Structures are given as C-alpha cells and as structure tokens.
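K.L.:
Please find the sequence and the predicted model below.
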Amino acid sequence: MNARSARGKLSAADLQTLFLFEALDDKQLAWLAERGRVEVRPGGTPVYSQGEPATCFFVLLRGTVAVARRIHGDDIEFGRTDQVGVYSGATQAYLGDRVDQVYPNTLKAITDVELFVLPAEEFAHAIRTWFPMALHLLEGLFFGTRASNTIIGERERLEALGSLTAGLTHELNNPAAAAVRATDTLRDRVTKMRHKLALIADGRVDGTRLHHLVEMQDDAVKRAYNAPKLSAIEASDAEDEVADWLEDHDIDRSWDIAPVLVAGGIDPPWLSQATDSLGDENRQAAVGWLTYTIDTELLMGEIEDAVNRISGLVDAARQYSQLDRAAQQPVDVHELLDATLVMLQAKIPSAVRVVKEYDRSLPAVPAYGAELNQVWTNLIDNALGAMNGSGTLTIATWREGDHLYVEVRDTGPGIPDDIRPRIFEPFFTTKPVGEGTGLGLDISYRIVVNKHHGDIRVTSQPGDTRFQVCLPITPPSDAEDPSPVAAESSRTEPASG
C-alpha cells in the first residue's frame, strides 16, 4: 500500500488488497477511495469509545487494536488483533434511524495504528446501493432475530410465570384447605359444646359449681394457647396417663378425648381440680364440654396459622413481582432472594438442602426489583436442575468495595469446559429439545449487565458450580436504561470480519 496521496487517501488498488473489498469492481473501489480517508492514531488512545455516536466505519491497515466493553465502570478487553483488514465501528449504519447509532464497545489503539476511515453515511449508502439483496437479507436477519428474541423471551417469561403460578397455587392450596377443614370441624365442635353446656346448666349444677367450671374453661383456653410442643414419645406417654384417668372416672371414649386434652396442655391433676367439685353425675358432661373448649381453641389456632401462611405467600408474591414498586429504587436483595425461594418452594426437592449465607449488613442497591427476581429465578432453577433432585443449594451475599455480590452455588456435576464459554449465548441450551429455550441465562445477562451496569460470571468444577452476580451499590453517573438494540448488540459486535 504505497499509492497514497498527500491527503491521506488509499488508491483503489490498495483497497482491493483488503479482504472486505476484494470482490468490488473498479467503479466501486474508486467510489470508496474518493470518500474514505487514512487516519493514524497513536498507541494508547481510543479510536472510538462505547456509547458515542457511531459516525465512522474503520478498517485496520497497520498496528494492533483491542476491543473492550465497559462493565460497572471498568473497561473489560475481549478481543485484540493485528490482522490487516479487520473492521469495526458503525457496522449497523445501513439500518438508519431504526436503531440507535452508537458505538457498542470501545476500540483502542494498542500500538500506533493506521486506519481506513469511511463516514457512516457513506458506508450505509454503499451497502444499500451495491447490495440490495444482501441488504434485505441483513435487515430481515437483524429485525427478525430481534423479534424472535422478544417473542421467545416473552415465552420464556410466561413459562416461568406459569411454573411459578402452579407452585404458588399448590402452596396456597394447602393452608387454604386446612383452614376450610378446621372451620368445618369448628362448626361441629361449637354445636356440641352448646349441647354439653345445656346438659350442665339444666339445673343439676348449682351456680357456684358452674362458676367454678367456667373459670376452669378460661384456664383451659390459656393452657391450650400456651401448650408446649411434645415429641411423639412424650405425647404418647401423656395420652396414656390422661386416658387412664378418664377410664378410672368412667368417662366414655377416653381414647378419642385424651389426644385433644394432651394437645391442649391438660394433665390428670388439672382434670381432677376442674371436675371433682361437680360430682360424678356431672363429670362426663363437664369433661366433654372442656374437651370441646380446648378443641375449638386448637382449631382456631390452625385457622390462624393457615391464614398467616396464606398472607405470607401473598406477601412473597407481591415482593417477587414488585408490582407496588417504582421502576427503579433501592431494594434489599435479601428480601428479593427470600421471595424468590418462597415462589420456587414447590420446585425444590425434599432432598435438596437450602443454605443461606447472607451478609445482613449490606445496604440497599438501586435496582429493578422484579427483573432481579427473574435473574434469581433463572439461576436457582438452573442449579436445581443441575443437582437432579439432591444436593445443597447455597445462596450467599457479600460486599467488595462499591459492589454487592450475590452467589448461587450448587453441588451438581459442574459445567464442562467446552460448554462454559457458551452458556450466556442466546438459544444455547443443554436441555433436551422442547425442554428449554436457551434464553434464561441470556436474559439474566442482559438484566444484570445492560440494565444494572453490573456483571455476571460463572466458575464450575464437579460438585461446586457458582454463578456470581455483581451489582453496583451506587448507580454510575451514566446509568440509563439502554435501548433494546444497544442491549442486543453489546456482546455480538465483531472486532474483525
């Protein structure tokens, strides 16, 4: 390449030596030679910077360049080359104003470099004019892929929502059914208790004795409320003692009554104190009345517990969906993680142990809570799938400098070395056909990196796979929600042809 004019131009012959232009005809080469220019950039300086308006298309003529992306304030290099003819810059200029024309990465001169520079509008004109069929194919590929990503991404979200909804419905059904059963039984007990009260108060028990029985009823209620939890052996022994007392005092159905009395904290000395003053003729009715009193108290406790469980699940669903939150605001990652675990409870096998290693001193971070919950869902779901029904799932949080870390760790077989570099690629999945879209980790990457200006990384070996999500504790000054196009192109822009 020695036929350059004083104005820093390349000749048509020089351009034809570059693999990108070798198939062009003389007229096209002359057109490029007239409109392009040669520029020299000293080593250590940027050719262009990520996020700037994409004004030029660059082709390397001499030297070494590196491509980097900015991740939570740091420029991470992911490509370096000295191959003549590699290109970068405004590669999507042919799409015009249908996409945001900004540089998706930073191109840096490592050594002094020489570049062929073509203005973006000239590059776009050449593509549209010279390659109309290719232009249609490229546009169809670009917008078709973006539309497919959107549709399949929504499908992925709907499938995840359907799975979570099924799990939540299952979790809600248990306490709801328990409350219905307890309410039905309670209605029957209250009816029988009124009948027993009628037998006691039909004139055969004087007022003093009846007043004493009512006092004992109040005491029974307190005992039932504060009854200690007994082991199976302790409960069995206590029931035998109470049943023996009942049989000694000719109380019918002692085997049925004893468990209720023991569950309410009642023992033989208390029964004697409650009934001895009533006389043998009234003891059967009095014990029955006190049993129904305790049973109703226990049933109301079951209803209260069931309603509290339902309330807790609804609160977890609200926390998970973040429906009552602004688009972005400070969130406690532990609340998000706990809500996600509650929502996924039905999918966690009984042989999987869940361990939380939380640093509760961590501050709130600015985030889109519902979208972070989607990240936790994807990572936890993948970890559960990897362990195939048994193992340990560990959720850990900690702080390093100005960043907060969330780690999802599993004891599965690990990710093979040949697969690990591809796990964040769209549509890549190791699951059988029909069981996965391959977008879970890709969506997680976009949420963490593009929307939260964080980072997500993985380390893996057999028995120890760790996905780490890094989030800035304070938002960067340029933290704006990137456009869908910018988000899609951020990992795929080539450093070379």
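P.N.:
Arrived safely, thanks for sending.
K.L.:
Where does the prediction get shaky in the stretch 151-300 of the chain?
P.N.:
Scanning the stretch 151-300 of the chain for pLDDT under 70 picks out the ranges 151-171, 174, 192-210.
K.L.:
80 instead?
P.N.:
Low-confidence segments of the stretch 151-300 of the chain, defined by pLDDT under 80, are located at 151-182, 184-217, 225, 276-282, 285, 289.
K.L.:
Which residue ranges of it form strands?
P.N.:
Read by DSSP state E, counting those that start in this stretch, the stretch 151-300 of the chain holds no strands at all.
K.L.:
for it, what spans make up the helices?
P.N.:
Along the stretch 151-300 of the chain, counting by DSSP state H, counting those that start in this stretch, helices occupy 207-225, 232-248, 254-263, 268-275, 280-321.
K.L.:
leaving aside the residues next to it on the chain, what's closest to the residue nearest in space to the middle of the chain?
P.N.:
Among the residues of the chain, the one closest to the centroid is Trp376, at 2.3 Å (C-alpha atoms, centre = their mean). Take Trp376 and drop its neighbours on the chain: the residue closest to it by C-beta to C-beta, 6 or more residues apart in numbering is Thr340, 4.3 Å away. To be clear about C-beta, it is placed using only N, CA and C from the backbone, and glycine gets the same treatment.
K.L.:
Next up, the contacts around the one you found.
P.N.:
Contact analysis of Thr340 by C-beta atoms under 8 Å, 6 or more residues apart in numbering lists Tyr320, Asn373, Trp376, Thr377, Ile380.
K.L.:
Tell me which helix or strand it sits in.
P.N.:
Here Thr340 sits within helix 333-343, counting by DSSP states H and E.
K.L.:
after that helix, next one along is what?
P.N.:
Defined by DSSP H and E, the subsequent element after helix 333-343 is strand 352-357.
K.L.:
distance between that following strand and the chain's centre?
P.N.:
Chain-centre distance of strand 352-357: 16 Å, with C-alpha atoms, centre = their mean, to the nearest Å.
K.L.:
Show me what counts as buried in that strand.
P.N.:
Val352 (16 or more other C-beta atoms under 10 Å).
K.L.:
quick one on the thing from earlier: and the residue nearest to the centre of the chain, which of the three is it?
P.N.:
Under DSSP: H, G, I helix; E, B strand; the rest coil, Trp376 falls in the helix class.
K.L.:
isn't it right next to Glu407, touching?
P.N.:
No. Here Trp376 does not reach Glu407: they are 11.2 Å apart, not a contact under C-beta atoms under 8 Å.
K.L.:
Show me how far stretch 446-463 is from its chain's centre.
P.N.:
13 Å.
K.L.:
for the helices of the stretch 151-300 of the chain, which one sits closest to Asp14?
P.N.:
helix 280-321 (59.7 Å; C-beta to C-beta).
K.L.:
who are the neighbours of that closest one, in terms of helices and strands?
P.N.:
helix 132-200, helix 207-225, helix 254-263, helix 268-275, helix 333-343, helix 369-387 (3 or more C-beta pairs under 8 Å, 6 or more residues apart in numbering; DSSP states H and E).
K.L.:
buried stuff in the following helix or strand past it?
P.N.:
Sequence-wise, the next helix or strand downstream of helix 280-321 (DSSP H and E) is strand 329-331. Buried positions in strand 329-331, judged by neighbour count with 16+ other C-beta under 10 Å: Val331.
K.L.:
Show the average pLDDT along strand 329-331.
P.N.:
Mean pLDDT, strand 329-331: 86.
K.L.:
so what strands line up beside that strand?
P.N.:
Its sheet considered, strand 329-331 pairs with strand 365-367 (antiparallel) by DSSP bridges.
K.L.:
which other residues reach the partner strand?
P.N.:
Here strand 365-367 has contacts from 328-331, 333, 404, 452, 471-475, 479, using C-beta under 8 Å, 6+ apart.
K.L.:
filter these to the buried ones?
P.N.:
Buried among the contacts of strand 365-367 (16+ other C-beta under 10 Å): Gln328, Val331, Val333, Leu404, His452, Leu471, Pro472, Pro475.
K.L.:
was I right about the third one contacting Ala396?
P.N.:
No. Val333 is beyond contact range of Ala396, at 11.1 Å (criterion: C-beta under 8 Å).
K.L.:
on that earlier part again, okay, the residue nearest to Trp376 and Ala383: tell me how far apart.
P.N.:
As for Thr340, its distance to Ala383 is 12 Å (criterion: C-beta to C-beta, to the nearest Å).
K.L.:
again with Thr55
P.N.:
45 Å.
K.L.:
and those two? which has more neighbours close in?
P.N.:
Ala383 (23 against 16; other C-beta atoms under 10 Å).
K.L.:
The more buried one: what's its closest spatial neighbour, skipping adjacent residues?
P.N.:
Asp410 (3.7 Å).
K.L.:
Now do the one you found against Leu384, distance only.
P.N.:
According to C-beta to C-beta, Asp410 stands 8 Å off from Leu384.
K.L.:
so what sits against both of those two?
P.N.:
Contacts common to Asp410 and Leu384, judged by C-beta under 8 Å, 6+ apart, are Leu393.
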